[in-house]
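> Got a sequence here, can you model it:
(one chain, ligands or ions: 1)
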Amino acid sequence: MALKITVIGTGYLGATHAAAMAELGFEVLGLDVVPEKIEMLQRGEVPMFEPGLEELLRKHVAGIEGSTGRLRFTMDWAEVGAFGDVHFVCVNTPQKHGEYACDMSYVDAAFEALAPHLHGPALVVGKSTVPVGSAERLAARLAELAPAGADAELAWNPEFLREGFAVNDTLHPDRIVVGVRGERSEKLLREVYVTPVAEGTPFVVTDFPTAELVKTSANSFLATKISFINAMAEVCEAAGGDVAKLAEAIGYDERIGNKFLRAGIGFGGGCLPKDIRAFMARAGELGADQALTFLREIDSINMRRRGQMVEMARDALGGGSFLGKRVAVLGATFKPDSDDVRDSPALNVAGQIHLQGGQVTVYDPKGMANAKRLFPTLGYADSAAEAVRGADVVLHLTEWREFRELDPAALGEVASSRVILDGRNALDPEAWRRAGWTYRAMGRPTA
Ligand code: UDX
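Down below sits the predicted model:
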């Protein structure tokens with residue numbers, strides 16, 4: 001009989017995982033504790049912007065015309081316990097308020113709520129990003145709380161999806177990592193993944209701590225790569241070098257690789273910043289803090305970029321105060337193809353300039369609603385051209401395709417002054433310069 005799957009938590013990770021499991025042919029039941037989310041998902045609507053996810057949901061959500069009906073949603077833990085053979089826990093682990101450590105309360109609450117309803121044999125699979133040692137602790141909790149006959153096992157299966165590519169990354173992962181204790185867990189997870197997704201994809205079986213660490217160390221490596229190139233950008237700025245050329249040239253060395261070497265205002269979002277901080281906090285608890293002190297530097301190089309962008313804007317306006325200056329900000333989300341503004345470098349820069357008296361107008365293709373909620377006092381425009389109208393300087397802070405395709409000549413007609421600062425090194429300098437703009441980018445000569 002085919003396995004039945006439940007997915008607990010329907011954020012970027014859970015909603016995508018649930019839809020992907022249905023796409024693979026499994027019967028899937030998703031759970032969330034927020035009624036509005038469940039109502040939306042039941043209508044086949046996605047509570048956030050994620051390319052391709054709505055189509056995939058609508059293909060499978062029960063009750064939608066023409067759907068396979070394989071995917072349903074509920075708020076009822078007993079229903080989830082009774083339904084599933086394999087339960088994926090996909091809830092959020094945000095940074096704790098005012099601390100480096102991550103907040104495990106949603107994971108803990110999910111285990112407490114689910115365990116008493118399990119029926120045997122049940123496999124619970126953690127996918128959330130957690131501090132190393134959590135799986136060990138949660139396995140013990142599961143053994144305490146699950147009914148005697150449930151024969152509950154835990155496995156840890158970190159997820160590496162990127163926002164904006166969530167569907168593709170889930171259906172075509174680079175690798176699948178499973179931390180297991182028993183043979184049954186491994187066998188079941190192979191059944192879930194191997195035939196449909198992972199034919200030819202590396203399937204790495206390991207213990208709990210290694211599986212947890214694979215995720216945090218992968219994110220730390222990515223963060224390190226970005227901060228490394230941003231540190232080189234700082235040196236290029238001081239020495240008159242060009243960081244984009246430098247990145248291209250070092251990237252040809254296959255040992256270095258050319259990905260994740262785009263210098264600019266740095267990384268943000270709900271993962272990299274909080275994951276490196278939680279990793280440092282956990283290493284401290286384990287007495288291994290020295291091993292990760294370099295991550296403090298990675299974090300501070302990253303945070304420094306935002307201030308440097310503000311200073312670049314001040315310089316472009318002739319130095320001195322922002323008072324009375326009109327600043328257009330293109331981009332609000334932490335990266336393109338997402339509506340996520342969590343720890344967004346773009347909004348941080350916009351907010352700093354606003355606090356210093358600048359008249360800031362922001363435009364973003366998908367992030368406007370979230371940005372307005374988080375920074376209600378900033379000015380907003382309905383298009384790039386509207387944001388740029390009357391601007392003394394234009395800041396390009398999130399590299400949406402829409403911005404790369406802008407017509408610099410047309411924008412030059414509405415701007416008060418033709419100065420554009422590219423905080424993402426993503427625009428074509430020559431195209432802007434030809435249209436009479438002063439184009440400046442982080443870590444590159446002013447030309
Ligand atoms: C990241 C990891 O990539 C993913 O594997 C993990 O599962 C979750 O965290 P995500 O947060 O969606 O994914 O975004 P990612 O594409 O990694 O970008 C993170 C940030 O780094 C963005 O703000 C992006 O603009 C920035 N970035 C990325 C750079 O500044 N330069 C680069 O070269 C690449």
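> got the domain boundaries for the protein?
The record's domain parsing of the chain by automatic domain parsing lists 4-206, 300-441.
> Let me have those in JSON lines, adding mean pLDDT and mean neighbour count as columns.
C-beta here means a position set from N, CA and C on the backbone, and glycine is covered the same way. What follows is the domains of the chain, written out as JSON lines (pLDDT from 0 to 100; neighbours: other C-beta atoms under 10 Å):
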{"stretch": "domain 4-206", "mean pLDDT": "95", "mean neighbour count": "19"}
{"stretch": "domain 300-441", "mean pLDDT": "97", "mean neighbour count": "20"}
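> Can you say which of the ones you listed is nearest to Met280?
Evaluated with C-beta to C-beta, those place domain 4-206 nearest to Met280, the distance being 5.9 Å.
> Give me the helices and strands touching the lengthiest helix in the chain, please.
Scanning the chain for the helix with the most residues, using DSSP state H, yields helix 208-239. If contacts are counted by 3 or more C-beta pairs under 8 Å, 6 or more residues apart in numbering; DSSP states H and E, helix 208-239 sits against helix 134-145, strand 153-156, strand 176-179, helix 243-251, helix 272-285, helix 293-316.
> could I get these as JSON lines with distance to Ala263?
Listed next are those as JSON lines, based on distance: least, C-beta to C-beta, whole Å:
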{"stretch": "helix 134-145", "distance to Ala263": "34"}
{"stretch": "strand 153-156", "distance to Ala263": "34"}
{"stretch": "strand 176-179", "distance to Ala263": "30"}
{"stretch": "helix 243-251", "distance to Ala263": "5"}
{"stretch": "helix 272-285", "distance to Ala263": "16"}
{"stretch": "helix 293-316", "distance to Ala263": "9"}
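> could you dump the ones you listed to a markdown table with distance to the ligand?
Output for those, formatted as a markdown table (distance: least, C-beta to the nearest ligand atom, whole Å):
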| stretch | distance to the ligand |
| --- | --- |
| helix 134-145 | 17 |
| strand 153-156 | 15 |
| strand 176-179 | 12 |
| helix 243-251 | 8 |
| helix 272-285 | 5 |
| helix 293-316 | 8 |
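> Of all these, which one is nearest Thr93?
Nearest to Thr93 among the helices and strands packed on helix 208-239 is helix 272-285; the distance by C-beta to C-beta comes to 7.6 Å.
> Name the SS class of the nearest residue to Ala426 once chain neighbours are set aside, please.
Distances taken as C-beta to C-beta, 6 or more residues apart in numbering put Glu399 closest to Ala426, at 3.6 Å, once the chain neighbours are dropped. Each residue gets one of three states, and Glu399 gets coil by DSSP: H, G, I helix; E, B strand; the rest coil.
> What distance do you get for Glu399 to the ligand?
According to C-beta to the nearest ligand atom, to the nearest Å, Glu399 and the ligand sit 7 Å apart.
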